[in-house]
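Q: next come a sequence and a model predicted from it.
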Amino acid sequence: MAKSKSNAFKNISVLFVVALISVALLAVLNQVTMGKIADAEAQARNEVYQSVFSDASAFEEQKFDFKPEDETIVINTVLQANSSDKQKLGYVFDVTSKNGYGGDVQIAVGITNEGKVTAFKVIAASETPGLGAKSMEDEYASQFSDLSALSHIEFSKTGANRDNNEIDAISGATITTTATTNAVNAAIDMWNSQLKGE
């Protein structure tokens, strides 16, 4: 009986040591991979920011206190876009609209010091393939380039007039078009109220 208890205690001790070593190894593995994942995410974000402000060489995150009037829109990040000689060229805004057809639509948009939209890109969305997902295509995104940030961007279902700061809506995807346009307009509002002329 005593031998049986001794064997049971020995087995429990071995299992405890094995579990302890496993937990320690998992913790080390987690630390190693967490750093690599964070680096990969930072690099992917930087590539997106570079794609909407290609003239910039570096991006400097800005502190801000601005809430869009539309409570379904969140400005996640604002970055100052700098040239290689550290001159400010404008800003990149990372904005999420919670009103996409499939949920959140996260976009990046650049605005120059002079008040021109440099480019637009959808970072993440779950929109309908063949409809709202077209917001991720160049044909839609390129419409935002060179529009004025001095006033809101509107969309048209019957043919955009760029002189009126308009883009063409995605056919059959008014909800996605509205979500992306509202996100860009939130960035425009912030630029006009806090950053223009800085």
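A: Cool, the structure landed.
Q: in the protein, which spans are helices?
A: Using DSSP state H, the helices of the chain run over 2-52, 138-141, 174-190.
Q: buried residues in the shortest one?
A: Residues of helix 138-141 classed as buried under the neighbour-count rule (16 or more other C-beta atoms under 10 Å) are Tyr140, Ala141. For the C-beta atoms, the positions are set from N, CA and C on the backbone; glycine is no exception.
Q: give me the helices and strands touching it, please.
A: strand 117-125 (3 or more C-beta pairs under 8 Å, 6 or more residues apart in numbering; DSSP states H and E).
Q: now with 10 Å?
A: strand 117-125, strand 166-168, helix 174-190 (3 or more C-beta pairs under 10 Å, 6 or more residues apart in numbering; DSSP states H and E).
Q: and the first one, by the same measure?
A: Judged by 3+ C-beta pairs under 10 Å, 6+ apart, helix 2-52 is in contact with strand 58-61, strand 73-82, strand 88-100, strand 103-112, strand 117-125.
Q: if we go to 6 Å?
A: Under the contact criterion of 3 or more C-beta pairs under 6 Å, 6 or more residues apart in numbering; DSSP states H and E, helix 2-52 touches strand 103-112, strand 117-125.
Q: sorry, back to before: would you format the helices of the chain as CSV with mean pLDDT and distance to Ala119 included?
A: Below are the helices of the chain laid out as CSV (pLDDT from 0 to 100; distance: least, C-beta to C-beta, whole Å):
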stretch, mean pLDDT, distance to Ala119
helix 2-52, 75, 4
helix 138-141, 94, 7
helix 174-190, 97, 11
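Q: got TSV for the ones you listed, with distance to Pro129 too?
A: Below are the helices of the chain laid out as TSV (distance: least, C-beta to C-beta, whole Å):
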stretch	distance to Pro129
helix 2-52	21
helix 138-141	14
helix 174-190	12
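Q: quick revisit: and of the helices and strands packed on helix 138-141, who's closest to His152?
A: When the helices and strands packed on helix 138-141 are compared for distance to His152 using C-beta to C-beta, the nearest one is helix 174-190, at 4.8 Å.
Q: picking up where we left off before, now render the helices and strands packed on helix 138-141 as a markdown table, adding distance to Phe155.
A: Below are the helices and strands packed on helix 138-141 laid out as a markdown table (distance: least, C-beta to C-beta, whole Å):
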| stretch | distance to Phe155 |
| --- | --- |
| strand 117-125 | 12 |
| strand 166-168 | 5 |
| helix 174-190 | 5 |
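Q: now do the closest residue to Met136 other than its chain neighbours against Thr180, distance only.
A: Leaving out its chain neighbours, the residue that sits closest to Met136 by C-beta to C-beta, 6 or more residues apart in numbering is Val122, at 4.6 Å. Val122 is 7 Å from Thr180, where distance means C-beta to C-beta, to the nearest Å.
Q: between those two, which one's more packed in?
A: Thr180 (33 against 24; other C-beta atoms under 10 Å).
Q: how about that one, what does it touch?
A: Contact partners of Thr180, counting by C-beta atoms under 6 Å, 6 or more residues apart in numbering, are Val105, Ile107, Ser135.
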